[in-house]
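Asker: Here is the input, now give the coordinates:
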Amino acid sequence: MSAQKRSSEELSIQESKDKIRINDTGVKLLYGVALAGMTICLFAFFFNLYANGGEGSGGAVAGLFVTALIVQMLRLQKVKWALLCILWGFALVPICFGFWTFGFSAPGIICVPISVMAASWALSLRHSVIMTMFACGACVIFYVLISRGYLTPVEPLLLVRLIFLVGMIVIAFLLGLLAVRILRVEFARVNQLAGSLEVKALALEQSEASFSALFLSNPLPSISGDSEGRLIDVNHAFISDFGFKREQLIGHTVLDLNLFANDHDRRVVATQTLGKGVVGHPVTMCLADGEIRNFLVSTAAFELPEGWRFVALFLDQTDRLAAEKAQTTLNSELERRVATRTAELSVALENLQRTQSELVRSEKLASLGSMVAGIAHELNTPIGNALMVASTLSDQQKLFESGLEHSLSRSQLNHFLMSVRDSADILDRNLRRTADLINSFKQVAVDQTSEQRRRFNLHEVAHEVVVTLSPSLRKTTHSLVSDVPQDIQLDSFPGPLEQVLMNLTTNALRHAFDGRDHGKMHLTAELLPDQWVRIVFSDNGVGIAEQNLQKIFDPFFTTKLGQGGSGLGLSISYNIVTAMLGGRIEVKSELGVGTEFCIEIPLTASGEIAVNAR
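Answerer: Next up is the predicted model:
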C-alpha cells in the first residue's frame, strides 16, 4: 500500500494543543475499517435489490462513496482527512439515510455514538460538539416527520439487522484496535517524556546543587529573594561582611532590614532587576553595626515554578574609593609642591643663568685682561727702543747745533747724518711693530666685545689670533703654527670664532704640555661640500683621559680646580660653535699622543642665528 509508513514514523492527527499520533499500524487498521464498511455497504446494496426492490440502497450507495473516498485519502497519505471522513461518514450516513429508510430502528444508528466518542478523542472537542448537535437535531427532525406521518419508515428484516450488527461490531473492533495502537504510541511518548523529565529533574537538582554550592562559596556577599524582596538565602560572605546573623535575614525583606542607606538606590535596583537586571550599580549599604560602606551591586531575576526569584551580588568599593580619594589628594598636594618647586627652580635657574652670564663676561674680561698684559709687555720693547733712539737723536741734535756755532767738520756732519738715518730706521721698525700689535689687539678686542657679524677672511682672523697670543707664547717653550689657506671667506661672527681659537690655545697651554717642553700646536682649515669649512686645532700634548672626554664641554668641569682653571673655556667654546656659529665641535684624544679639536661651521651663518647673536 502506498500509504504505508515506517514503524518509527508517527503522524499527528489532532488539531488541539495536546496532539495524538498514529503510526503505520494504525494506518493499516484504518484501511481495515474502510474495507469493512465498503463490504457491508456492497452487501446491503445487493441484498436490498434482491429482497425488496432496493429499499435502503441510498444509504448503501452513500456508504460506498464514503468508503471509497477514505481509501483514496489513505492512498494519498492524508491520514487525518481519512480519519475525518470515517468518523463523520459513520455519523452522517446512518442518520440521514438510516432514519429516512428504517426510522429509529435503523441498524447503523449504533455508529453515531461511537463516532461522537471517537471524534472527541481523536479529532477535537469542537468536532465532537458539532457532531453531537447535528445528531440530536436530526433525531428531533426525523421524530417530527415520522410522528406526523410525513415519513413512513420500513421495518428492516431480521437478517438485515443481524448483518448490520455484525458489521458494526467488526468496525467497532477495528476502531478499538486503532485506539489501542494510538494509546500505545501515546503511552510510549508518555514514558519517553517521563524519562526525559526524570533526566531533566535530575539535571535540575544537580544544577540547583551546583548553584547553591557556588552561591554559598562565592567570595562576594550575595543574597537571594522573591519578587517581594523577602530574603530566601544568603551566603557566608554576606554574613561575614555585613555582620548579620542568618536568622536575622531569612524571611525578612530588604526594606525591613534597612540594607540600603538610600531608599532611592533600593527602588532603582528593584525596578531594574525586574527588567534587564543591574550590573555594577553604585550604592551605599548599611552594615549591622550601622557603618555605611560603598558597594557595586549586580542583580539578575529568573522565574521558577514557585514564582520569581532574584540574586544580588555586592562588591565592596569603600577601600578603593578611599584610596582613590587619598590618591587624588596626594596628586593635588604633589601638583602644588611641584608648582612651588618649579617656581623655586625657575628663580634658581634665572640666578644660575645670570651667574653663568657674569662668569662668561668675567672669563672674556679675564681673557682680554691677559691679552692687555701681554700686549703691554710686548709694546714695552719697541716703544722703549723708540724712546731710547729719540733720546739719542736729541743728544746728537744738541752736539750738531753746538758744532754749528763753532767750526763743524765734515766728519762730524757725516756722523750726524748717519746717526739720524740709523735712528729713523730704528724708530720706523719699532713704531711699525707697535702699530701692528695695536691693530691686531684692537681688531680682536672689537670683535670679541661687539660680536658683530661681518664678512672676513679666515686666514686673517687666524693670523690676528696668533699675533695676539704671541706675547703669551713667548713666555713658554711651546709654539702655535697657523696653516690656514688665504682663500676662505666667511660671512659670520669673527669675534666669537677668535674667542674659540684663543680658548683652545689657552686650554692647550694650561693642560696639554704638563711635564713637556717644546710643545707644538697646529691650526689648519679646509673647505667642505655644501658651503661649510672644517677648522682643526691639534697639539702633541699628553692627551685627555677617556673618562674625561665626555665631560670636557660641561660647565665648570676642569682637572685643575683651584689651580687657575675655571672649567668654562671649553663650555663657552661649545656654546659659541653650536649656537652662534651654527656648527658642531668634536674632540679626539689619545693619551701620550695628543688631542685634536674639529670644528665645522657654515661659511654663511643663518639669519636666525644672526638675529639671536645681535
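Asker: Show the pLDDT at Asn385.
Answerer: You'll see Asn385 listed with a pLDDT of 68.
Asker: Surely His281 is in contact with Val297?
Answerer: Yes. Between His281 and Val297 a contact is recorded at 5.3 Å, counting by Cβ atoms under 8 Å. No exception for glycine: its C-beta is placed from N, CA and C like everyone else's.
Asker: Give me the more crowded residue out of these two.
Answerer: Val297 (23 against 16; other Cβ atoms under 10 Å).
Asker: Give the helix, strand or coil label for the more buried one.
Answerer: At Val297 the chain is in strand, as set by DSSP: H, G, I helix; E, B strand; the rest coil.
Asker: Please name the residues that touch it.
Answerer: By Cβ atoms under 8 Å, 6 or more residues apart in numbering, the residues touching Val297 are 269, 278, 280-281, 283, 312-315.
Asker: and if you look at Asp514?
Answerer: 541-542.
Asker: just the one 3 residues further on next, same as before
Answerer: Residues touching Asp517, when contacts are defined by Cβ under 8 Å, 6+ apart, comprise Thr477.
Asker: doesn't it fall inside a strand?
Answerer: No. According to three-state DSSP, the state of Asp517 is coil, so it is not within a strand.
Asker: In the stretch 451-600 of the chain, mark out all the strands, start to finish.
Answerer: In the stretch 451-600 of the chain, the strands defined using DSSP state E, counting those that start in this stretch lie at 454-457, 479-483, 489-492, 520-528, 532-539, 584-590, 594-602.
Asker: Quick check: which of these is nearest to Leu76?
Answerer: Comparison of these against Leu76 by Cβ to Cβ identifies strand 584-590 as nearest, at 102.8 Å.
Asker: Nearest residue to Thr284 in space, ignoring adjacent ones along the chain?
Answerer: Ala261 (4.1 Å; Cβ to Cβ, 6 or more residues apart in numbering).
Asker: List the contacts of the one you found.
Answerer: 283-286, 292.
Asker: what's the pLDDT at it?
Answerer: In this model, Ala261 is scored at 86, pLDDT.
Asker: hang on, the earlier thing: tell me, what's touching His281 and Val297 both at once?
Answerer: Val269.
Asker: which residues of the stretch 451-600 of the chain score low on pLDDT?
Answerer: 451, 556, 559-568 (pLDDT under 70).
Asker: burial of the residue lying closest to Ser492 once chain neighbours are set aside, as a residue count?
Answerer: With sequence-adjacent residues excluded and distances taken as Cβ to Cβ, 6+ apart, Ser492 is closest to Ala605, at 4.3 Å. Residues lying near Ala605 (other Cβ under 10 Å) number 20.
Asker: repeat for Arg474
Answerer: Using other Cβ under 10 Å, Arg474 has 12 neighbouring residues.
Asker: Report the separation between it and Leu480.
Answerer: Taking Cβ to Cβ, to the nearest Å as the measure, Arg474 falls 11 Å from Leu480.
Asker: And for Arg341?
Answerer: In this view, Arg341 and Leu480 are 49 Å apart by Cβ to Cβ.
Asker: between those two, which one's more packed in?
Answerer: Using other Cβ under 10 Å as the criterion, Arg341 and Leu480 rank with Leu480 on top: 22 against 12.
Asker: Next, the contact list for that one, please.
Answerer: 466, 469, 473, 505, 521-523.
Asker: re earlier: just the buried ones among the contacts of Ala261, please.
Answerer: 283, 285-286 (16 or more other Cβ atoms under 10 Å).
Asker: quick one on the thing from earlier: need the contact list for the residue nearest to Ser492.
Answerer: Ala605 neighbours (Cβ under 8 Å, 6+ apart): 453, 491-493, 580-582, 613.
Asker: Max pairwise distance over the residues you listed: which two?
Answerer: By the measure Cβ to Cβ, Asp491 and Met580 form the most distant pair in the contacts of Ala605, at 13.5 Å.
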